[in-house]
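Q: Quick one: sequence and predicted model below, then my questions.
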Number of protein chains: 2
Amino acid sequence: MHEQDLVLGIDIGGTNTALGFVERSGSLTQYDVMPTRPADSAGAFVAALHRRTEALRAEIPFPHRLVGIGIGAPNAHPVRGTLEQPVNLDWGATVDLTALVRKYYDLPVELTNDAKAAAAGEMMFGGARGMKHFIVVTLGTGLGCGIVADGRILTGASGFAGELGHMTVDPNGRECRCGKRGCLETYASAGGLVRTVLALLAKRCDPSPLRSLAADAITSQKVFAFAQAGDAVSLCAFDRTARILGMKLADAVACLSPEAVFLAGGLAAAGDLLLAPAQRYMNDYLFRAYRGTVRLLPSALKPGEGGVLGAAALIWNKLAAQHSPEGKEGAA
Amino acid sequence: MHEQDLVLGIDIGGTNTALGFVERSGSLTQYDVMPTRPADSAGAFVAALHRRTEALRAEIPFPHRLVGIGIGAPNAHPVRGTLEQPVNLDWGATVDLTALVRKYYDLPVELTNDAKAAAAGEMMFGGARGMKHFIVVTLGTGLGCGIVADGRILTGASGFAGELGHMTVDPNGRECRCGKRGCLETYASAGGLVRTVLALLAKRCDPSPLRSLAADAITSQKVFAFAQAGDAVSLCAFDRTARILGMKLADAVACLSPEAVFLAGGLAAAGDLLLAPAQRYMNDYLFRAYRGTVRLLPSALKPGEGGVLGAAALIWNKLAAQHSPEGKEGAA
């Protein structure tokens, strides 16, 4: 009986971890989400991940063979296979995640930054198919970014190219968990949106349903719901987020000159509350050689699933390279 | 008798054009500088350039053969061979400079952005030999930039990657000739330094020799000389320039993660009045994954000559590719 080759894709975020099994075509089976629980150790997390994986695998309704594991995670080093000083996790300075996973699975494991994995997914299965120059920005707990230049994921000299979340918006601005001030992700991310709400509640005096919530209880989802219901503070928070995001994306475009910028991750689900104004602001700040030519697009991959597909794309891309007579450079 | 193969390298700047003849080794013969005179037409400029070239060529003291012409110029498109909307020249919207030059010379002509040419020169003959990821910033009339990623000059989707001079420092800031406001080159360039002096003369009330000069008569060279003599306004202007340059270079590093950033062009000759504080400020604004690992270096090519060597490198690189059995991707 024919066994379907599957890759396990794992997308580790600051809050949640998504996983699922991905065919070469990009078809996704048994997708699930579990809490990342950053307070735990990395070892405890991988043990829980293994249990969840095996439970899911038992539910796959067809004969299959697991051929590799792709992982996207914050601050992952694409060459060393480690997590290095992950800002939004509390697992220590350097975590050899590849070794921890290989305790359970004697399979090829590819690890890269979660946003670089999202870029690999967009290139292999999503809206960037055929593009040579594009940027994927993931708006979740923080702001991640994967850059493709000349058809290849840009790693840079350090392995950490694409830390757009730590471009400086305001050198005297908000404290960032990285230790700097005024980083883009303190404004343009789910957490940044909530901080902007708090700043607006301080500055303005019009009524808002947000005033009855504790700071800890305000989430980007609630701000989105209030904005859709017409709350002026929530609408203003989205507009400010879009302006800062658009301005800094224009700076990134001035470096990289991509065809398109894709928005992925939780906050990108806010759709035209964020995307349309961010496109307009980005265009305002673009140098005229680029103006009107760079599209800001939603990721073509489903929210949540994109990271899993991208993580799996790392393995599928590697397997394709091994079976190609000349080898293949790509989303490694 | 043996004829030495030479490439004519031409570096067109907003104020001056430098030219010279370059051997494969990087040895430069008969270097000269002429005014670009941006008020003239492009045709009149190329006619003058031809006269100057032939006069220089007559002085070459050994038998030689001209094998190609490399040109670096503002807003040059590396694929189309045209100048497109050059901000600091008044030669019309699109200038087919390659065709104008080929009226006089039936030789291979390669045209690219002046700063991309500087990057090609740094990679072939300068301080970036052996580096795969670096940035060259030219500080002249404006701020130009050439980016090398994975060993190749980055063109981006538009051909105009690397317009760091038009990253936004302050959306409500200084008017830029590009039509935007607050572009980096309105602060960090020879002209930007002079504008910072004017702003400081407005803000401060201490005496300065700069107060006896008309705005039109203040040049970056004079500010440099006054700074060396201890003038507080001039010293402050260099420090502010270094801070803004360092902050925006940190943003570019967050995109690209280079090994080093090279400063070239007239203002880079200010040396430690600019370089040392810019390195310190850049480091302050760097994300911790890069901090302390990215060197800010002066171009290893002589001031003025770097652009000519880089322009010539375009042709030498192309000739090397033609003679290599596999072809060669590189500084094209």
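A: Right, received. Where do you want to start? Numbering: from 1, shown residues only, chains lettered A, B, ... in the order given.
Q: what packs against the helix-or-strand element of chain A with minimal mean pLDDT?
A: Ranked by mean pLDDT, DSSP states H and E, the weakest helix or strand in chain A is strand A:83-84, scoring a mean of 84. In terms of contacts (3 or more CB pairs under 8 Å, 6 or more residues apart in numbering or on different chains; DSSP states H and E), strand A:83-84 is packed against strand A:94-95. Where C-beta positions appear, they are placed from N, C-alpha and C, glycine not excepted.
Q: average model confidence for the strand it packs on?
A: Averaged over strand A:94-95, pLDDT sits at 88.
Q: what residues does that strand touch?
A: With contacts defined as CB atoms under 8 Å, 6 or more residues apart in numbering or on different chains, strand A:94-95 is touched by A:A42, A:T82, A:L83, A:E84, A:Q85, A:P86.
Q: tell me the SS of whichever residue of the stretch 101-250 of chain A sits closest to chain B?
A: At 2.4 Å from chain B, A:G156 is the closest residue in the stretch 101-250 of chain A, using CB to the nearest CB. The three-state label for A:G156, taken from DSSP: H, G, I helix; E, B strand; the rest coil, comes out as coil.
Q: So what's the residue count around it?
A: 24 (other CB atoms under 10 Å in any protein chain shown).
Q: Check A:G26 too.
A: 16.
Q: one step back: export the contacts of strand A:94-95 to JSON lines and tack on neighbour count?
A: What follows is the contacts of strand A:94-95, written out as JSON lines (neighbours: other CB atoms under 10 Å in any protein chain shown):
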{"residue": "A:A42", "neighbour count": "19"}
{"residue": "A:T82", "neighbour count": "19"}
{"residue": "A:L83", "neighbour count": "26"}
{"residue": "A:E84", "neighbour count": "17"}
{"residue": "A:Q85", "neighbour count": "15"}
{"residue": "A:P86", "neighbour count": "22"}
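Q: Kindly indicate which of the residues you listed lies nearest A:G310.
A: Comparing these against A:G310 with CB to CB places A:L83 closest, at 16.8 Å.
Q: picking up where we left off before, for the residue of the stretch 101-250 of chain A closest to chain B, which non-adjacent residue is spatially closest?
A: Distance criterion CB to CB, 6 or more residues apart in numbering or on different chains; nearest residue to A:G156, sequence neighbours excluded, is B:S257 at 2.4 Å.
Q: ok, now A:L28?
A: A:G20 (5.0 Å).
Q: mind checking which helix or strand the one you found is in?
A: strand A:16-22 (DSSP states H and E).
Q: Please, where are all the strands along chain A?
A: Assigned by DSSP state E, the strands in chain A fall at A:4-12, A:16-22, A:28-35, A:64-73, A:83-84, A:94-95, A:109-113, A:134-139, A:143-149, A:152-153, A:260-264, A:295-298.
Q: Minimum distance to A:E185: which of these has it?
A: strand A:143-149 (3.8 Å).
Q: So which elements touch the closest one?
A: helix A:114-125, strand A:134-139, helix A:232-256.
Q: Which positions within it qualify as buried?
A: Residues of strand A:143-149 classed as buried by neighbour count (16 or more other CB atoms under 10 Å in any protein chain shown): A:L143, A:G144, A:C145, A:G146, A:I147, A:V148, A:A149.
Q: pLDDT score assigned to the third one?
A: Yep, that's A:C145 we're talking about. Reported pLDDT for A:C145: 95.
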